[in-house]
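**Student:** below: sequence and its predicted model.
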Amino acid sequence: GNSVTQMEGPVTLSEEAFLTINCTYTATGYPSLFWYVQYPGEGLQLLLKATKADDKGSNKGFEATYRKETTSFHLEKGSVQVSDSAVYFCALSDQDGNQFYFGTGTSLTVIP
Amino acid sequence: GAVVSQHPSWVICKSGTSVKIECRSLDFQATTMFWYRQFPKQSLMLMATSNEGSKATYEQGVEKDKFLINHASLTLSTLTVTSAHPEDSSFYICSAPKGRASYNEQFFGPGTRLTVL
């Protein structure tokens, strides 16, 4: 079946450090892949997405590339800020858009 | 974007009482809404799909008599936790897709924290 495996946290980084949060998936066909972010006290927000292999999603300095050969969609940011502190969820939608799966979430804390 | 609200944001109730949580799409119509449950330090678990004008679709293992869902209009879905018990304490989140009913463009509400004493 379909599933998403996400790097466990929590992750603590200093401001301006490089961030990688790993996400791998299991799915048949060609799923769509997403990163959602949940800031403290707020609801989930779509951060970025990619709908086909080799697509790169990007937003707010974050990037993730849909790698079908490695079934991965790792989230990266070159220089994190304190305001990036949040919980990040990797998610997958099957190719028909009928099933949606979340990873377990990775808590990121950025310290000044 | 699109805005989805939830009310209340936090509720505490006594064991045995029922609690209603509202999910509203504020600036768009949603024929479908999704209800999730989030446990501490865990991911979201899809509970059910709310469909305007028809019965909700529940995921396996979710008690439909326990979690009553009503999609009253194109902008409102309600989740009622009946005869709540402490194990029902959780963070409940709704989402609504804008446009074609699919998971691809979901907009999430801020969540409702339920604490059952």
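**Tutor:** Looks like it came in fine.
**Student:** low-scoring stretches of chain A, by residue?
**Tutor:** A:96-98 (pLDDT under 70).
**Student:** separation between residue B:89 and residue B:35?
**Tutor:** Computed as C-beta to C-beta, to the nearest Å, the residue B:89 to residue B:35 distance reads 16 Å. Quick note: C-beta positions are derived from backbone N, CA and C, even for glycine.
**Student:** actually, residue B:83.
**Tutor:** Spatial separation of residue B:83 from residue B:35 under the definition C-beta to C-beta is 18 Å.
**Student:** tell me which of these two has more neighbours.
**Tutor:** Neighbour comparison, residue B:83 and residue B:35: the larger count goes to residue B:35, with 27 against 13 (by other C-beta atoms under 10 Å in any protein chain shown).
**Student:** part of a strand, is that one?
**Tutor:** Yes - when DSSP: H, G, I helix; E, B strand; the rest coil is applied, residue B:35 is found to be in a strand.
**Student:** ok, what's across the strand from it?
**Tutor:** Each beta-bridge partner of residue B:35 is listed here: residue B:48, residue B:94, as defined by DSSP bridges.
**Student:** so what's it up against?
**Tutor:** Neighbour list for residue B:35: B:23, B:46-50, B:67, B:69, B:77, B:79, B:92-94 [criterion: C-beta atoms under 8 Å, 6 or more residues apart in numbering or on different chains].
**Student:** repeat that for 10 Å
**Tutor:** Shown in contact with residue B:35 (C-beta atoms under 10 Å, 6 or more residues apart in numbering or on different chains): B:21, B:23, B:44-50, B:56, B:58-59, B:62, B:67, B:69, B:77-79, B:92-95, B:109.
**Student:** what's the answer for residue B:12, then?
**Tutor:** Counted by C-beta under 10 Å, 6+ apart, residue B:12 has contacts B:19, B:89, B:113, B:114, B:115, B:116, B:117.
**Student:** which helices and strands sit right next to the host helix or strand of residue B:21?
**Tutor:** Counting by DSSP states H and E, the element that carries residue B:21 is strand B:19-25. Applying 3 or more C-beta pairs under 10 Å, 6 or more residues apart in numbering or on different chains; DSSP states H and E, one finds that strand B:19-25 makes contact with strand B:4-7, strand B:10-13, strand B:32-38, strand B:67-73, strand B:76-81, strand B:90-97, strand B:112-116.
**Student:** swap the cut-off to 6 Å and go again
**Tutor:** Helices and strands touching strand B:19-25, as assessed by 3 or more C-beta pairs under 6 Å, 6 or more residues apart in numbering or on different chains; DSSP states H and E, comprise strand B:4-7, strand B:76-81, strand B:90-97.
**Student:** convert the C-alpha atoms of it to CSV, please.
**Tutor:** Presented in CSV, the C-alpha positions along strand B:19-25 are these (Å, rounded to 0.1, in the frame of the first residue of the first chain):
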residue,chain,number,x,y,z
VAL,B,19,-19.2,18.0,21.8
LYS,B,20,-19.8,19.6,18.4
ILE,B,21,-17.0,21.0,16.3
GLU,B,22,-17.7,23.2,13.3
CYS,B,23,-15.7,23.5,10.2
ARG,B,24,-16.4,26.3,7.8
SER,B,25,-15.1,27.3,4.4
